[in-house]
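# Build me a model:
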Amino acid sequence: MTSTTYADTGLTASITPSANTSKVLVLVTNLLLIDRGSAGQHIMKARIVRDSTGIFEHNQIGGGDGDSFMVATVTFNYLDSPSTTSSTTYKMQYARAMATGTAFAQYNNSNASIVLLEIGA
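Numbering: from 1, shown residues only. Below you'll find the predicted structure:
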């Protein structure tokens, strides 16, 4: 990723809740490499998207002005209330928080996961 606009990472999963009142626990783990570029800091943004709607956003992953590159394992846990019994797709998106540098999700073909758990069916 080289843009401040969110991009899909290919990390996606679907679930069909059995009741409208069910909640979905979204568990995400991913390895990132962030090149600080000329901005001087390693900062990325992340969001979880349900279908086409952003439901969780983290605006500052990383930070600091140390080495040229930073490798970080990020995890997100988010409890969603989709209010549906239709198939629902969740995905991860990342973007640069600053205009320079490059970032890699699922760096070096590392294992990444998105796990969906229905709660309260």
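# Any stretches of this structure with poor pLDDT?
For the chain, applying pLDDT under 70 flags the ranges 1-2, 36-42, 60-68, 99-101, 107, 121.
# Would you map the strands across it?
Shown for the chain, the strands assigned by DSSP state E span residues 7-15, 23-35, 43-50, 53-62, 69-80, 88-96, 103-105, 113-119.
# Could you name the helices and strands sitting against the shortest one?
It refers to strand 103-105. Counting contacts by 3 or more Cβ pairs under 8 Å, 6 or more residues apart in numbering; DSSP states H and E, the secondary-structure elements packed against strand 103-105 are strand 23-35, strand 88-96. For glycine as for every other residue, the C-beta is placed from the backbone atoms N, C-alpha and C.
# who touches the spatially most central residue of the chain in this structure?
The C-alpha lying nearest the average C-alpha coordinate of the chain belongs to residue 92 (Cα atoms, centre = their mean; 3.7 Å). Neighbouring residues of residue 92 by Cβ atoms under 8 Å, 6 or more residues apart in numbering: 8-9, 11-12, 28, 30, 46-49, 76, 105, 114.
# Determine which two of these are furthest apart.
The widest separation within these, taken as Cβ to Cβ, falls between 8 and 76 and amounts to 15.6 Å.
# Compare those two (neighbour count), which wins?
Counting neighbours by other Cβ atoms under 10 Å for residue 8 and for residue 76 shows that residue 76 has the greater number, 17 against 12.
# give me every residue that touches the nearest residue to that one once chain neighbours are set aside.
Leaving out its chain neighbours, the residue that sits closest to residue 76 by Cβ to Cβ, 6 or more residues apart in numbering is residue 28, at 4.4 Å. When contacts are counted by Cβ under 8 Å, 6+ apart, residue 28 is found next to 11, 48, 74-78, 92, 112-115.
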